[in-house]
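pasting a predicted model and its sequence here:
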Amino acid sequence: MPPPDIPERGNPFAETRVYFRDRRDAGRQLAPRFSMLAGREDLVVLGLARGGVPVAYEVAQALHAPLDVFVIRKLGVPGQPELAMGAIASGGICVLNREVLLRIPDADAILAEVTAIERRELERREIEYRGRRPAPVLRGKTVMVVDDGLATGASMRAAVLALRQAKAARVIVAAPVGSTSACAKLAREADELVCLTAPTDFDAVGQVYGDFSQTTDEEVRSLLARC
């Protein structure tokens, strides 16, 4: 099934229903939206770990662009893990939510403790995925960050902020499916957003996938090794 036309910038929501066999198929349907970027030397494609990597792999292959994994770890408030004090990301990037930190007693100590725990997990995952290969240099690059879907968009928003901090020249967000609310937020924060479908009855990312089984660490390693 061919992907629908992507609406003009400023109206990034594709109402046409699109279905995907699996994440790799979603990436193959997403890739043609970026054909004008094929072969650009400044382009880097990043897949959000883990589910975004199979999608990003197909995009990177079609555009002849380097692929890497981008790991995001949320810094949740102890006892309220969904409330984020900030996030850390690949490349030693740290983004803080000052509004939340101002409401937490002894915020500096709590932030340091949570950051240390999450940094160990981030480093473990990065070694798991890319071995000792260093994170890509993103400064001055056109960076496309890809996920398998945008539900709340929280992880992707943290990724965009992290890429701004890394001095990327341009940040493009790409996803096969998303909620209209997540797309609206990301359209304001990224330089460009492409989402193939944003169903008005959005319930979960997996609703447009035939196979939405969990992406494994082994699959992430295998796809990165092929690139």
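All right, it came through fine.

hey, where'd the helices end up in this protein?
Using DSSP state H, the helices of the chain run over 23-30, 52-63, 98-101, 107-130, 154-165, 180-189, 217-226.

now the angle between helix 23-30 and the second one, please.
Following axes from the mean of the first three to the mean of the last three C-alpha atoms, to 10 degrees, one obtains 40 degrees for the angle between helix 52-63 and helix 23-30.

ok, the last one next?
With the same axes, to 10 degrees defining the directions, helix 217-226 sits at 40 degrees from helix 23-30.

now swap in the fifth one and tell me
Angle between the axes of helix 154-165 and helix 23-30 is 60 degrees (criterion: the same axes, to 10 degrees).

starting at the chain centroid, how far to helix 154-165?
Remark: helix 154-165 is offset 8 Å from the chain centroid, using C-alpha atoms, centre = their mean, to the nearest Å.

now the longest one
Here helix 107-130 is found 18 Å from its chain centre; the criterion is C-alpha atoms, centre = their mean.

buried set for it?
Across helix 107-130, burial judged by 16 or more other C-beta atoms under 10 Å covers 107, 110-111, 114-115, 118, 122, 125-126, 129-130. C-betas here are computed from N, CA, C, even on glycine.

kindly report the same for stretch 62-78.
Applying 16+ other C-beta under 10 Å to stretch 62-78 flags 62-63, 65, 67-77 as buried.

tell me how far the ends of it are from each other?
One end of stretch 62-78 sits 42 Å from the other (C-alpha to C-alpha, to the nearest Å).

same deal with stretch 96-115?
First-to-last residue span, stretch 96-115, C-alpha to C-alpha: 11 Å.

from residue 150, how far off is residue 67?
20 Å (C-beta to C-beta, to the nearest Å).

contacts only, for the closest residue to residue 176 other than its chain neighbours.
Leaving aside its chain neighbours, residue 176 sits nearest to residue 26 (3.8 Å; criterion: C-beta to C-beta, 6 or more residues apart in numbering). The contact partners of residue 26, by C-beta atoms under 8 Å, 6 or more residues apart in numbering, come to 20, 55, 58, 148, 176-177, 196, 209.

swap in 6 Å and give it another go.
20, 55, 176 (C-beta atoms under 6 Å, 6 or more residues apart in numbering).

tell me the one of those nearest residue 219?
Nearest to residue 219 out of the contacts of residue 26 is residue 55 (C-beta to C-beta; 11.9 Å).

for the closest one, which non-adjacent residue is spatially closest?
That would be residue 27: by C-beta to C-beta, 6+ apart, it lies 4.1 Å from residue 55.

where does the chain have its least confident helix or strand?
In the chain, no helix or strand scores lower on mean pLDDT, DSSP states H and E than strand 80-89, which sits at a mean of 83.

buried sites along it?
Buried-residue list, strand 80-89, by 16+ other C-beta under 10 Å: 84-89.
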